[in-house]
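> quick one: sequence and predicted model below, then my questions.
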Amino acid sequence: MTTKINAFQLAALLVTFIGISNHVIMIPILLDTAKRDAWISVLAAIVPSVLLGLLCVYIYNRIPSSLSTWVDKKSALLWLPFTLLFTVYFSAQASISIRDTIVWSNTTYLTYTPPSVVGICLLGICYYTARKGLAAIAITNGMLLPWIVLFGFYVMIVDFGVKDYSYLFPVFKNSAQAITKGAWYTASGITEIFLVLFLKDDIKGKLSGKSMLPVVLILIELTLGPLSGIIAMFGPFEAELLRYPAYEQWRMASIGSMLSQTDFLSIYQWLAGSFIRISLAIHIIRTLWVKKWRHPEILLILITLFLFVVNQIKLSDVKFHEHVKMYYTSSSLICGATSIVLLICIWAGKNKKAVKPSG
């Protein structure tokens, strides 16, 4: 499928792709880093996150094609290290989601199912969707996202009565360094919007700051809302000990006395978000290599097998948590360094009239 997607579909993809990470993976890191003041860290990250979004729009509208295509045309020597770097980057995004989904599934509702079976099923549907192309992923996301949002509002509303927002105070009980570090992690998660630079060939028209601003604010809310709700529900000390705090909110969600458990809806939320995130990451990795590869189908199979094998490596939960922190730190550094290089190329190209804004 080669149909291009529009800006609205792209925005919806960003919300799902980054939102599942911010909602599920980011929150335990923030609680571990900034404790009760974690929600202050998220607020402190709003301005940097908005600036990152605007920077992404600026670069997107001034490169003539997708980033991988542009690098290939500019320098054949730089193409290989560039492609290897971002293959690792997007593989890390997919691998973290795959592992977290497998472990959570085995911990909660598939306790007797071998992790390898869960991994095969998850990667199988992601492979099939990535094989159909970006438009198929965007259309699928358009069907899944409204229900993800609806169930999110549901759990927020039904749990409101058991929350005590006084647990959010007093603020600034932790060091400025801890709060700043939490803001760094939050902004690092937002840097994933730079994936749009790799999708330009398949997107219609330009992006605008007005379209990117709501996306960034929604992503911030997807961290701030659940995070503050978790602290209000369990208290800052108990919340810090929870491995999957966003899921624990669902255990309290009920509709009267006749329907006391509705946490099965969280399975849909989690799997739908992870499915889109992993599928899109696989698609982007494929686009990085496909123009140099004679057999695209074999390439896609190899990418999927690689992700499966990586997630069979035995790793304790503590070490995995540290690796995720390392990923967010590396993500900010990679995207920051890439942005600086791109800005230099764009400005230098302007002076030489070598790079023009795409029409």
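Structure received.

> okay, buried residues for the longest helix belonging to the chain please.
Using DSSP state H to define each element, the chain has its longest helix at helix 317-352. Neighbour counts over helix 317-352 (16 or more other CB atoms under 10 Å) mark 321, 324-325, 327-328, 331-332, 334-335, 338-339, 342, 345-346, 349 as buried. Backbone N, C-alpha and C define where each C-beta goes, glycine included.

> quick one: contacts of stretch 97-110?
20-21, 24-25, 113, 115, 118-119, 122-123, 243-244, 247, 264, 267, 270-271, 274, 277-278, 281, 307, 311, 315, 317, 320 (CB atoms under 8 Å, 6 or more residues apart in numbering).

> what's around the nearest residue to Val155 once chain neighbours are set aside, how many residues?
Spatial nearest neighbour of Val155, excluding adjacent residues (CB to CB, 6 or more residues apart in numbering): Ala253 at 4.9 Å. Residues within reach of Ala253, counting by other CB atoms under 10 Å, total 21.

> quick one, grab the pLDDT at Ala253.
pLDDT, Ala253: 77.

> how much space separates it from Asp100?
21 Å (CB to CB, to the nearest Å).

> ok, Ile63 next?
32 Å.

> give me the contact list for stretch 10-21.
So stretch 10-21 is contacted by 5, 93, 96-97, 137-138, 141-142, 144-145, 148, 189-190, 192-193, 195-196, 199, 203, 207, 211-212, 214-215, 218-219, 222, 270, 272-274, 276-277, 280 (CB under 8 Å, 6+ apart).

> quick one: average pLDDT of that stretch?
The average of the pLDDT scores along stretch 10-21 is 95.

> stretch 150-163 now?
Mean pLDDT, stretch 150-163: 88.

> do the same with stretch 127-146
For stretch 127-146, the per-residue pLDDT averages 95.

> chain center to it: distance?
With CA atoms, centre = their mean, to the nearest Å as the basis, stretch 127-146 stands 16 Å off its chain's centre.

> what comes up buried for that stretch?
Buried, per 16+ other CB under 10 Å, within stretch 127-146: 127, 129-131, 133-134, 136-141, 144-145.

> ok, now stretch 56-76?
Result for stretch 56-76 [16+ other CB under 10 Å]: buried residues 56-63, 66-72.

> just stretch 20-34 next, same as before
Quick answer for stretch 20-34 (16+ other CB under 10 Å): 20-34.

> farthest pair within the residues you listed?
Ile20 and Ala34 (21.4 Å; CB to CB).

> what about dumping the CA coordinates of the helix or strand hosting Gly119 to PDB?
Under DSSP states H and E, the secondary-structure element containing Gly119 is helix 115-132. This file holds the C-alpha atoms of helix 115-132, laid out as PDB (Å, rounded to 0.1, in the frame of the first residue of the first chain):
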ATOM      1  CA  PRO A 115       6.800 -15.700  27.000                       C
ATOM      2  CA  SER A 116       8.000 -16.900  23.600                       C
ATOM      3  CA  VAL A 117       4.400 -17.700  22.600                       C
ATOM      4  CA  VAL A 118       3.200 -14.200  23.600                       C
ATOM      5  CA  GLY A 119       6.200 -12.700  21.700                       C
ATOM      6  CA  ILE A 120       5.500 -14.700  18.500                       C
ATOM      7  CA  CYS A 121       1.800 -13.700  18.500                       C
ATOM      8  CA  LEU A 122       2.600 -10.000  19.200                       C
ATOM      9  CA  LEU A 123       5.400  -9.800  16.600                       C
ATOM     10  CA  GLY A 124       3.300 -11.800  14.100                       C
ATOM     11  CA  ILE A 125       0.500  -9.300  13.900                       C
ATOM     12  CA  CYS A 126       3.000  -6.400  14.000                       C
ATOM     13  CA  TYR A 127       4.900  -7.900  11.100                       C
ATOM     14  CA  TYR A 128       1.800  -8.400   9.000                       C
ATOM     15  CA  THR A 129       0.700  -4.800   9.600                       C
ATOM     16  CA  ALA A 130       4.100  -3.300   8.900                       C
ATOM     17  CA  ARG A 131       4.200  -5.300   5.700                       C
ATOM     18  CA  LYS A 132       1.100  -3.500   4.500                       C
END
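
> elements contacting that helix?
When contacts are defined as 3 or more CB pairs under 8 Å, 6 or more residues apart in numbering; DSSP states H and E, helix 115-132 packs onto helix 76-108, helix 134-158, helix 264-289, helix 296-310.

> and the contacts of that helix?
Contacts of helix 115-132 (CB under 8 Å, 6+ apart): 1, 98, 101-103, 105-106, 110, 136-137, 140, 271, 274-275, 278-280, 282-283, 286, 297, 300-301, 304, 307-308, 311-312.

> would you confirm that Trp270 contacts Trp250?
No - using CB atoms under 8 Å, Trp270 is not in contact with Trp250; the gap is 9.7 Å.

> ok, Glu322 to Tyr328 distance?
Taken as CB to CB, the span from Glu322 to Tyr328 is 11 Å.
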